[in-house]
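S.K.: Structural data only, the sequence is not supplied:
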């Protein structure tokens, strides 16, 4: 890969993307259009996240890449390999060791810190897309803070089901102004966004949008006063490490429908087990 | 005892080795050469160059070989490579009027200055599988046949459209009218409403199948615009660049292109008497079907500037331009193969809750 | 500031709209006072729909001024407002009742959501309270409150129209534009709807501009009347006066061609 620039993208492109990131940070939750480039990975497989990471990564960074909370799912492996080949930076599976974390569909259970950057992979950036297919119209709705249609949708959910029907990619209001999609993280992870000390960046390659939540910004999941936002819960702890209050993966273990629940965050789970083993004599 | 599945890295490495083996196929069979692909699968190469937005038959051939003949995969490879190429300048617009013609037809007049030159076309072949081609050495060719231009015309052959233009029968297109910078859809995201330059760029690299279907739909009543093939040209044009240091144009390449100009439904207004309107298509190499489909869709998307009410999918700018890119489409459709079990788990939890409340 | 000085709610001067060489409306002017209903009548092609379009912001006039007095008593040049301000006005202080209720409703969401939307857009965040408000308004427009969770698709034409009215009135607008509000409805349904409108207008102190070709509608709803023909106002005045004692030959023609009950 020596024929390619550090982190694959040429410096002009990185500069263009960083400018978009700066605009995004200046207007929390607002989707900034950017000239997304063709990457060696397919659209829909993280090109937005990869472009954002490639634009901010430096030789001293320590990179963690996860998908569904795990470091060794195939796409996380593929993306991590890509960055190793194009940058040579150190990689880690430990959340608190990483300076830069690229993630698909989860926020790590280990609390984030002020000097960390999390890059989210976003398939559909527009929260109003399912209500209004037109880009020209959704742009106006954001500009004029006309979010009535979104509230109508929530009202309808509660009327029909008694609950909001959205389980992941649950819409939020950022800094009291912009309606945003936090990417397909389970709603369980939404509270972690609120006033997070880390910098949160969101990249949508195919749709060509970047947005951001700067550190310590309020992020509020949409709800009604008398139907407040709630998160998922399980009736048992992780079968491997005993943790509760974390997101669990459901594993089907036999053909009689037997199942077990384990931490989705593999790093968190592994370290808990390590600590446990260290304690047991 | 359940152990968390590991080994994603090893799995990927093995998958790549398997892929390489399958690509090579039976080692007893001679390996495909790029020369064979550029020479004998030219039309595949042309498509990959057009939708890959990069004119380089050798690279396109390599991409086709690496992609095992999957043209969308080859287009993706070429596009990804294109991203890494440095830009050292912008050429002048190519002058298709000065084209060295290999093929030139017009459906609007029986005879036109310069003549109707059929060139190497499938059009009048009878689609009968030729089993002579199955054995090497039986593919009969009696050497090149040179196209002859109408001897009465010395120099470049005038465009049929220009003849109509001279009589004021077709809308004039004046490229210098607005001295605005030309869009570049490979550099900036599409903004709506889109200018015609951005639309044409999007369509030029858009999926041929998608455009073909949309063009077809306009002919079947989904937004009719009464097209006639004013002129279709195929041949070589020079690519010229004006380097700063020299201050004059130099020819840096010669490329083959196919151009289609449709003559469409005439339109008038209170201010001006009616004239024919235009649709335009352009592709690398010999890509007539693409150029024609593109011209039909271009005309359909001009509904706004021609004060026509958009009523059909081909006239819906956002619908057409957002879904024409097969690299984007392929990526997103196939991304469903990626793990989604965390989101699925969220849905399961919600569904179980709702069902429990409903007493199921 | 404003309570002493009586200002018209809407002041229109010289409203003109050309469609190429064709005149849409020419030099239309009037004042509309709080609590007043103005009828704009004419046949199709008279320009009445163009006038409504220019006033409600759907169409940009070629010339003229439209001044609206806000709740705070300030005069605002409607044609010079930014898109944002105009849309905000349209969602709060104005209402638009379309001839075809499908144009003024979200057909795919429940009646309750249709009525509650404006409230939610303005920041209402208590589901129960929004639902209460919706129930209340459904009652006011005489729709069976049991149908709050039904889709407008399942309503009759008259009910859809009443739902459209409720959806508009929930923010207590001071000015409502109506375009053939009873068009397409059965005579008996029309009568009931007109009765409702008359009651609501009086009860809420609404001002309204009602565009219609139907003189009977104006007779019932409008205090004053503009008669339009080929884009121009040919006669204006108190409704009863104009209809009982028309001065302009065209008005006379219109009035005389209405079937007497």
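M.R.: Received, thanks. What you see is a predicted model; the values in this text were computed from it and never measured.

S.K.: tell me the strands in the chain, going along the chain?
M.R.: The chain I'm using is chain A. Secondary structure of chain A (DSSP state E): strands at A:32-33, A:62-67, A:90-91, A:100-104, A:117-121, A:172-174, A:178-180, A:199-204, A:209-213, A:219-221, A:248-252, A:259-263.

S.K.: um, chain C though
M.R.: Under DSSP E, chain C gives strands at C:10-19, C:22-32, C:37-41, C:63-69, C:75-77, C:94-97, C:175-179, C:207-212, C:224-229, C:232-238.

S.K.: Dump those into a markdown table; add mean neighbour count, distance to chain B and mean pLDDT as well.
M.R.: Glycine gets a C-beta too; all of them are placed from N, C-alpha and C. What follows is the strands of chain C, written out as a markdown table (neighbours: other C-beta atoms under 10 Å in any protein chain shown; distance: least, C-beta to the nearest C-beta, whole Å; pLDDT from 0 to 100):
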| stretch | mean neighbour count | distance to chain B | mean pLDDT |
| --- | --- | --- | --- |
| strand C:10-19 | 18 | 9 | 93 |
| strand C:22-32 | 19 | 9 | 92 |
| strand C:37-41 | 26 | 27 | 94 |
| strand C:63-69 | 19 | 19 | 93 |
| strand C:75-77 | 13 | 28 | 90 |
| strand C:94-97 | 22 | 22 | 92 |
| strand C:175-179 | 23 | 20 | 93 |
| strand C:207-212 | 25 | 23 | 93 |
| strand C:224-229 | 24 | 23 | 94 |
| strand C:232-238 | 18 | 21 | 94 |
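
S.K.: With distance to residue A:75 as extra columns, can I get the ones you listed in TSV?
M.R.: Below are the strands of chain C laid out as TSV (distance: least, C-beta to C-beta, whole Å):
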stretch	distance to residue A:75
strand C:10-19	57
strand C:22-32	59
strand C:37-41	63
strand C:63-69	56
strand C:75-77	55
strand C:94-97	50
strand C:175-179	54
strand C:207-212	59
strand C:224-229	66
strand C:232-238	69
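
S.K.: so which of these gets nearest chain A?
M.R.: Minimum separation from chain A across the strands of chain C (C-beta to the nearest C-beta) falls at strand C:94-97, 15.0 Å.

S.K.: name the helices or strands packed onto the lengthiest helix in chain A?
M.R.: Of all the segments of type helix in chain A, defined by DSSP state H, the longest one is helix A:11-26. Contact partners of helix A:11-26 among helices and strands, from 3 or more C-beta pairs under 8 Å, 6 or more residues apart in numbering or on different chains; DSSP states H and E: strand A:32-33, helix A:47-56, strand A:199-204, strand A:209-213.

S.K.: Same list, the strands of chain A, but as JSON lines with distance to residue B:200 please.
M.R.: Putting the strands of chain A into JSON lines (distance: least, C-beta to C-beta, whole Å) gives the following:
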{"stretch": "strand A:32-33", "distance to residue B:200": "20"}
{"stretch": "strand A:62-67", "distance to residue B:200": "38"}
{"stretch": "strand A:90-91", "distance to residue B:200": "44"}
{"stretch": "strand A:100-104", "distance to residue B:200": "35"}
{"stretch": "strand A:117-121", "distance to residue B:200": "32"}
{"stretch": "strand A:172-174", "distance to residue B:200": "37"}
{"stretch": "strand A:178-180", "distance to residue B:200": "34"}
{"stretch": "strand A:199-204", "distance to residue B:200": "25"}
{"stretch": "strand A:209-213", "distance to residue B:200": "24"}
{"stretch": "strand A:219-221", "distance to residue B:200": "41"}
{"stretch": "strand A:248-252", "distance to residue B:200": "48"}
{"stretch": "strand A:259-263", "distance to residue B:200": "52"}
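
S.K.: Can I get those strands in a markdown table including mean pLDDT, mean neighbour count and distance to chain C?
M.R.: Below are the strands of chain A laid out as a markdown table (pLDDT from 0 to 100; neighbours: other C-beta atoms under 10 Å in any protein chain shown; distance: least, C-beta to the nearest C-beta, whole Å):
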| stretch | mean pLDDT | mean neighbour count | distance to chain C |
| --- | --- | --- | --- |
| strand A:32-33 | 96 | 19 | 20 |
| strand A:62-67 | 96 | 24 | 35 |
| strand A:90-91 | 96 | 16 | 44 |
| strand A:100-104 | 97 | 25 | 31 |
| strand A:117-121 | 98 | 26 | 27 |
| strand A:172-174 | 97 | 22 | 11 |
| strand A:178-180 | 97 | 22 | 12 |
| strand A:199-204 | 98 | 26 | 25 |
| strand A:209-213 | 98 | 28 | 21 |
| strand A:219-221 | 97 | 19 | 11 |
| strand A:248-252 | 90 | 18 | 30 |
| strand A:259-263 | 92 | 18 | 32 |
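
S.K.: Tabulate these (JSON lines), appending distance to chain B.
M.R.: Output for these, formatted as JSON lines (distance: least, C-beta to the nearest C-beta, whole Å):
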{"stretch": "strand A:32-33", "distance to chain B": "4"}
{"stretch": "strand A:62-67", "distance to chain B": "6"}
{"stretch": "strand A:90-91", "distance to chain B": "12"}
{"stretch": "strand A:100-104", "distance to chain B": "8"}
{"stretch": "strand A:117-121", "distance to chain B": "10"}
{"stretch": "strand A:172-174", "distance to chain B": "15"}
{"stretch": "strand A:178-180", "distance to chain B": "18"}
{"stretch": "strand A:199-204", "distance to chain B": "10"}
{"stretch": "strand A:209-213", "distance to chain B": "8"}
{"stretch": "strand A:219-221", "distance to chain B": "13"}
{"stretch": "strand A:248-252", "distance to chain B": "6"}
{"stretch": "strand A:259-263", "distance to chain B": "6"}
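
S.K.: pLDDT below threshold where in the stretch 1-150 of chain C?
M.R.: By pLDDT under 70, the weakly predicted segments of the stretch 1-150 of chain C are C:1-5.

S.K.: I'd like to know how many residues surround whichever residue of it sits closest to chain B.
M.R.: Nearest residue of the stretch 1-150 of chain C to chain B: residue C:20, at 4.0 Å (C-beta to the nearest C-beta). Counted with other C-beta atoms under 10 Å in any protein chain shown, the neighbours of residue C:20 add up to 9.

S.K.: Now that it has come up, it's in contact with residue B:269, right?
M.R.: Yes - Residue C:20 is in contact with residue B:269 according to C-beta atoms under 8 Å; the separation is 7.5 Å.

S.K.: Buried residues, stretch A:215-232. List them.
M.R.: By 16 or more other C-beta atoms under 10 Å in any protein chain shown, the buried positions in stretch A:215-232 come out as A:215, A:217, A:219, A:221-224, A:227, A:231-232.

S.K.: Name the helix or strand for residue B:104, please.
M.R.: strand B:100-105 (DSSP states H and E).

S.K.: Equivalent analysis for residue B:27, please.
M.R.: Going by DSSP H and E, residue B:27 is not part of any helix or strand.

S.K.: Which pLDDT does the model give it?
M.R.: If you check residue B:27, the pLDDT there is 92.

S.K.: Could you check how far it is from chain C?
M.R.: Plainly put, residue B:27 is 60 Å away from chain C if you go by C-beta to the nearest C-beta, to the nearest Å.

S.K.: That residue - how many residues pack around it?
M.R.: 8.

S.K.: Quick check on it: phi, psi?
M.R.: Residue B:27 has phi and psi values of phi -60, psi -20 when expressed as degrees, to the nearest 10.

S.K.: follow-up on the earlier one: out of the strands of chain C, which gets nearest to residue B:175?
M.R.: Evaluated with C-beta to C-beta, the strands of chain C place strand C:10-19 nearest to residue B:175, the distance being 31.2 Å.

S.K.: Partner strands of the closest one, with direction?
M.R.: strand C:22-32 (antiparallel), strand C:63-69 (antiparallel) (DSSP bridges).

S.K.: roughly how far is stretch B:81-101 from the heart of the chain?
M.R.: Centroid displacement of stretch B:81-101 relative to its chain, using C-alpha atoms, centre = their mean, to the nearest Å, is 15 Å.
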